[in-house]
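Model the following, please.
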Amino acid sequence: MSGVSVTERLGRFISETCWADIPPGIRREAPRALLNHVGCALGVAHDPAVTSALAVMRRLSGPPVATVFGQGVRLDPLSAAFVNCIAGNLLDYDDTHLATVVHPAAPVAPVALALGEARGLSGMAVLHALLLGMEVECRIGLGVSPGHYDRGWHITSTCGVFGAAAAAAKLLGLDAERCGHALGLAASQSAGIVENLPSAGKNASMGNAARNGLLAALLTEAGWQAAPAAIEGKLGWARAMGDVPDCEAMAGALGERWEVARITYKPYAAGIVFHAVIEAALALDVAPDDVAGLLVEGDALLLARGDREVRTERDARVSIHHAAALGIVRRRAGVADFEMPAVEDPALSAFRARVQARCDPALPRGAARLTATLRDGTCHSRLVIHPSGSQANPMSDTALDDKFRENLRIAGIPERADGMIAALRGLEGAANLDGMGTLLI
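Numbers count the residues shown, from 1 in each chain. Prediction:
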């Protein structure tokens, strides 16, 4: 397709891809991703970050036609997508595409569900749009990695807007040309910075990724257009926000090579690169008081993200020192172990001070080596290459269901878990989302 822009190629892919043509193993990831996203969002439904976002958007909302998860209210689709995206991503407990470090479902699933509910669309249509949106989001992220993230752009926010636009364009039934225009309009609404990750700034850019992507598709439906090469053009999004883009990574072998096949799910509510740190610490099995010092080694991303002082729960979720301390001191790493009481726990704080981090460029992304030097001078080391939930060691459907149930236990609604799991896993056969909206509200 020489001479055809990335934007146009992706637009054709969104418009022309049929659900039945997608391999069953790839289609399977859509309900898995949706189940994981909804569970993560419901688990934090009462968090002040979510309820305050809801309070703001409620005052601005149009007709209430889209469910806000676990809140007992509906808003307009733009507002519901904004709040639900924030909730799904809040704890860094959501899915991850490790090659880009994109969290694919968070900006896309809220848009697919809100638009599907508002327009009376089928469960199959929603799952199809979710899958295509996540694929487009990961593809665009892959085309600008790693330079995009290294410059300080928060890639889930900046690329999530494309995934949201793609999903919405598919659900709106836009043709190939207009799907491309939706992506082009999304390019002008892409934002989010790494510096803000330990703050509510991340919540704002995440919510906007979902809302702005949906807005881009709705404006396209109303006749708006964008430049044909808005993504990869000389003065386009990719070159403005990174290095020379890899156009084949973005739009090569569409429908043959699926990036959604590489999506992983988290057993711990922390950044994915810290999972190996946790499991290596658990594997060491040494008494905390016997440890004089602990060295954590990993790749450059692990060090860049996690070699930080821990002052808040947001810091804890992306901290090498906290992840290691949990494995050694508490022998667990549940959701509560990353919250403020754990941050302020004197035993964890004292152990964090004994942790040092060092880059080992020979280790692959997502791996970690821990070496404990004991007070008697002996050393004990553990290496974890493929932690639980990784692509090589994936979470089973049963494990995802158990995670969903635990999130609903945290939310105080454990009795609703089985019905929700059945509805989400059976969504492909649903004529509309009426029943789903009733369950999720």
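
For the rest of this, base every contact and every neighbour count on C-alpha atoms.
Will do.

if you take the average position of the protein, which residue is closest to it?
What sits nearest the mean C-alpha location of the chain, by CA atoms, centre = their mean, is His103, with 2.1 Å.

so what's that residue closest to, chain neighbours aside?
Taking CA to CA, 6 or more residues apart in numbering, and ignoring the residues beside it in sequence, His103 has Thr96 as its nearest neighbour in space, at 4.5 Å.

Check which helix or strand Ala182 maps to.
helix 176-187 (DSSP states H and E).

So for stretch 36-53, what gets flagged as buried?
36-46, 49-51, 53 (16 or more other CA atoms under 10 Å).

Please save the CA atoms from it in PDB.
The C-alpha coordinates for stretch 36-53 follow below in PDB (Å, rounded to 0.1, in the frame of the first residue of the first chain):
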ATOM      1  CA  ASN A  36     -10.700  -7.100  34.000                       C
ATOM      2  CA  HIS A  37     -11.500  -3.400  33.300                       C
ATOM      3  CA  VAL A  38     -14.900  -3.400  34.900                       C
ATOM      4  CA  GLY A  39     -13.600  -5.200  38.000                       C
ATOM      5  CA  CYS A  40     -10.800  -2.700  38.400                       C
ATOM      6  CA  ALA A  41     -13.200   0.200  38.100                       C
ATOM      7  CA  LEU A  42     -15.800  -1.200  40.500                       C
ATOM      8  CA  GLY A  43     -13.100  -1.900  43.100                       C
ATOM      9  CA  VAL A  44     -12.400   1.900  43.400                       C
ATOM     10  CA  ALA A  45     -16.000   3.100  42.900                       C
ATOM     11  CA  HIS A  46     -15.900   4.900  46.300                       C
ATOM     12  CA  ASP A  47     -12.400   6.400  46.000                       C
ATOM     13  CA  PRO A  48     -12.400  10.200  46.300                       C
ATOM     14  CA  ALA A  49     -10.700  10.500  42.900                       C
ATOM     15  CA  VAL A  50     -13.600   8.800  41.200                       C
ATOM     16  CA  THR A  51     -16.400  10.400  43.200                       C
ATOM     17  CA  SER A  52     -15.000  13.900  42.800                       C
ATOM     18  CA  ALA A  53     -14.700  13.300  39.000                       C
END
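
who touches Arg178 in this structure?
Counting by CA atoms under 8 Å, 6 or more residues apart in numbering, Arg178 touches 11, 169, 220-221, 225.

hang on, isn't Asn84 packed against Ala41?
Yes: between Asn84 and Ala41 there is a contact under CA atoms under 8 Å: 6.7 Å.

and for these two, which residues touch both?
Phe69.

quick one: pLDDT of the residue lying farthest from the centre of the chain?
Relative to the mean C-alpha coordinate of the chain, counting by CA atoms, centre = their mean, the farthest residue is Asp376 (43.1 Å). On pLDDT, Asp376 comes in at 96.

element containing it, please.
Going by DSSP H and E, Asp376 is not in any helix or strand.

Please apply the same query to Leu370.
Assigned by DSSP H and E, Leu370 falls in strand 368-374.

by how many degrees do whatever helix or strand comes next after that strand and strand 368-374 diverge?
As assigned by DSSP H and E, the chain's next helix or strand after strand 368-374 is strand 379-384. Computed by axes from the mean of the first three to the mean of the last three CA atoms, to 10 degrees, the angle separating strand 379-384 from strand 368-374 equals 160 degrees.
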